[in-house]
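>>> for reference, the sequence and a predicted model appear below.
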Amino acid sequence: MARERSVYRCQACGLAAPKPGTCPDCARVGTYVQLVEERAAPARGPARPGVTSTPPQPLGDIRVEGDGHRTPSGMAELDRVLGGGVVTGSLVLIGGDPGIGKSTLLLQVSRELGRRAGPVLYVSGEESAGQVKLRADRLGAPPSGLYFVAETDLQAVEAHVAALAPRVLIVDSIQTVSVPGLESAPGSVSQVRECGARLMALAKGRGIATFLVGHVTKEGAIAGPRVLEHLVDTVLYFEGEQHHAYRVLRAVKNRFGSTNEIGVFEMGAGGLTEVPNPSGFFLAERPKDAAGSVVVAALEGTRPLLVEIQALVTPAGFGTPRRTVLGADYNRVCLLLAVLEKRVGFPLQSQDAFVNVAGGAKVFEPAADLGLVLAAASSYLDRPLRGDLVVLGEVGLAGEIRAVTGLETRLKEAAALGFIAAVVPQSARGSLAGQPLDVQGVGTVDEAVRVLLAP
Ligand code: TYD
Ligand code: MG
């Protein structure tokens, strides 16, 4: 028995409300759309007579069959983010901006998965068979276990899955497939939710590893994200700048591994290639002995990443000085410039300041504070820091340098890349015995500027 009801549903987060307005959940305005939804008669309540559910079992006695089995995808960077390979029967959502390389990544891994796990079914609602074939050809020899269908009707997809019995299913994208019975358009929250739930049943019921592609909306959320994020096992975001070659795959949620891992790729003419040594990639074009350039060791989850911070401080024209920041937090940079002005005495009110993290990388960690301050100071004074130095430390408003987490991991990465010296918070200096680097502790910003940028 089904009843119809009219509801308003937020198209950004899926919250239902009796009337439109500002969404109380995600605070967006104008996202409510009126929908007529069919609601099945409540199936909850006491179990019907004659229906017995499985009795609770001691956890230790539960047998796991086939589940938890992992297949390497042929891309170690993806496997790492997934927690060690593609898990049988898992449902993975890959989100990212259009054009970032989601389809390319999945097409590339399907080749290897087709060889190792069995047939892979690639369903695209966005591209035609010809387009995908051309791309696949460009990426290498034709794979044997890879099947393709251009389809947007989920029922047809289910039929194809029943006929082909694939081990891996790729749906590109979840916003283009739809269930015919529902009134709302493909990509709407109800469609995304319904399709997600049915693909989940398919993945779990048949033990098919399923990848769903989700496009990110302008606000930075996967459309219908909340409804899918709690449903799927793993949520990955594929990030990067359109005009920079490097891409980062990041786990936001993972039932089969840690969310601390990232995978780094480079987009080139032959598709995506793995970047096992991202620090080397980011530092490859670093200018030698340039004022305003400082290397910091950031930490992405558990993975250290060396990046170059560049600052350009130039006399301002008339009026309020300009502050432009790319790849770091704008407010944090303004705060650090204020510390430099007040605690060291640089007249930055009369200076424009431009800060950029090279190669399109992003650092939002407080551990990069000292690097940002020194980059600005170095540019202002027009004196370079030594080129083989890596800088770490959080800066407080009093100009004090505070401790950072994971110092040893960061320093080890710097040493591995040929750095010779490091500047760290004074408080952490004592705990760094047996370091390969020549480590120097500093207590305040003033001291750091005096010691490192002496004429
Ligand atoms: P695509 O995987 O289609 O992105 P998404 O599925 O996330 O929308 O990637 C598209 C971009 O990648 C496109 O701008 C072209 C570029 N690209 C390359 O530079 N080299 C390649 O070999 C391929 C296949 C794509
Ligand atoms: Mg695509």
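Nice, I can see it. Note that this is a predicted model, so its numbers are computed, not measured. Ligands and ions are numbered 1, 2, ... in the order given.

>>> partners of residue 238 in the sheet?
residue 96, residue 249 (DSSP bridges).

>>> in space, what's closest to residue 312 - neighbours in sequence excluded?
Closest residue to residue 312 apart from its sequence neighbours, by CB to CB, 6 or more residues apart in numbering: residue 354 at 4.4 Å. No exception for glycine: its C-beta is placed from N, CA and C like everyone else's.

>>> list the contacts of that neighbour.
311-314, 322-325 (CB atoms under 8 Å, 6 or more residues apart in numbering).

>>> pull the most distant pair out of those.
Pairwise distances across the contacts of residue 354 peak at 15.1 Å for 314 and 325 (criterion: CB to CB).

>>> which one of those two is surrounded by more residues?
Between residue 314 and residue 325, counting by other CB atoms under 10 Å, residue 325 is the more crowded of the two (18 against 13).

>>> which elements pack onto the helix or strand encompassing that one?
Residue 325 is part of strand 323-326 when elements are defined by DSSP states H and E. Secondary-structure packing of strand 323-326 (3 or more CB pairs under 8 Å, 6 or more residues apart in numbering; DSSP states H and E): helix 330-339, strand 351-357.

>>> ok so, going back, and of the contacts of residue 354, the nearest to residue 6?
Nearest to residue 6 among the contacts of residue 354: residue 325, at 46.7 Å, using CB to CB.

>>> Provide a list of residues in contact with the closest one.
333, 354-356.

>>> most neighbours among those residues, which one?
Of the contacts of residue 325, with other CB under 10 Å as the count, residue 355 tops at 26 neighbours.

>>> beta partners of that one?
Beta-bridge partners, per DSSP bridges, of residue 355: residue 311, residue 325.

>>> buried ones among the contacts of residue 354?
Buried residues within the contacts of residue 354, defined by neighbour count using 16 or more other CB atoms under 10 Å: 311-313, 323, 325.

>>> ok, of the residues you listed, which one's closest to ligand 1?
residue 325 (26.4 Å; CB to the nearest ligand atom).

>>> got the residues of the stretch 201-350 of the chain near ligand 1?
267, 269-271 (CB under 6 Å from any ligand atom).

>>> export these to a markdown table and append columns for secondary structure and distance to residue 111.
Below are those laid out as a markdown table (DSSP: H, G, I helix; E, B strand; the rest coil; distance: CB to CB, whole Å):
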| residue | secondary structure | distance to residue 111 |
| --- | --- | --- |
| 267 | strand | 17 |
| 269 | coil | 17 |
| 270 | coil | 13 |
| 271 | strand | 10 |
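
>>> just the buried residues from those, in PyMOL please.
Restricted to buried positions by 16+ other CB under 10 Å, the PyMOL selection for these reads:
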select buried, resi 267+271
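
>>> can I get the residues of the stretch 201-350 of the chain next to ligand 1 in TSV including pLDDT and distance to residue 427?
Output for these, formatted as TSV (pLDDT from 0 to 100; distance: CB to CB, whole Å):
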residue	pLDDT	distance to residue 427
267	90	41
269	87	49
270	85	48
271	88	46
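
>>> export the residues of the stretch 201-350 of the chain next to ligand 1 to CSV and append columns for distance to residue 297.
Below are those laid out as CSV (distance: CB to CB, whole Å):
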residue, distance to residue 297
267, 25
269, 31
270, 31
271, 30
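
>>> what score does the residue of the stretch 351-455 of the chain found nearest ligand 1 have for pLDDT?
Across the stretch 351-455 of the chain, the shortest distance to ligand 1 (CB to the nearest ligand atom) belongs to residue 360, at 14.8 Å. Reading off the confidence values, residue 360 has pLDDT 80.

>>> that one touches residue 239, doesn't it?
No - counting by CB atoms under 8 Å, residue 360 does not reach residue 239; the two are 10.0 Å apart.

>>> if you count neighbours, what's buried in stretch 184-197?
In stretch 184-197, counting by 16+ other CB under 10 Å, buried: 184, 186-196.

>>> sorry, wrong one. I was asking about stretch 14-33.
By 16+ other CB under 10 Å, the buried positions in stretch 14-33 come out as 14-15, 23, 26, 28, 31-33.

>>> ok so, going back, mind checking pLDDT for the residue nearest to residue 312?
Confidence score, pLDDT, at residue 354: 97.

>>> again with residue 177
If you check residue 177, the pLDDT there is 91.

>>> look up how far residue 196 lies from residue 186.
Distance, residue 186 to residue 196, by CB to CB, to the nearest Å: 13 Å.

>>> what of residue 413?
39 Å.

>>> do a quick rundown of the strands in the stretch 151-300 of the chain.
Under the criterion DSSP state E, counting those that start in this stretch, strands of the stretch 151-300 of the chain are mapped to 168-172, 209-215, 234-240, 246-254, 262-268, 271-274, 293-300.

>>> list the neighbouring strands of the shortest one plus their orientation.
Paired with strand 271-274 in the same sheet, following DSSP bridges, are strand 262-268 (antiparallel).

>>> ok, now the first one?
Next to strand 168-172 in the sheet, as set by DSSP bridges, lie strand 120-124 (parallel), strand 209-215 (parallel).

>>> give me the contact list for the shortest one.
Meaning strand 120-124. With CB under 8 Å, 6+ apart, strand 120-124 has contacts from 103, 106-107, 110, 113-114, 132, 145-151, 157, 160-161, 164, 166-172, 177.

>>> all helices of this protein, in order?
Counting by DSSP state H, the chain has helices at residues 76-82, 102-116, 129-138, 154-164, 189-206, 225-229, 278-283, 330-339, 369-381, 407-416, 426-429, 445-452.

>>> which one of these lies closest to residue 257?
Once these are compared by CB to CB, helix 76-82 is nearest, at 6.3 Å.

>>> excluding residues flanking it in the chain, which one is nearest the residue of the stretch 151-300 of the chain found nearest ligand 1?
Minimum separation of the stretch 151-300 of the chain from ligand 1 (CB to the nearest ligand atom) falls at residue 271, amounting to 3.9 Å. Nearest non-adjacent residue to residue 271, counting by CB to CB, 6+ apart: residue 139, 4.6 Å away.
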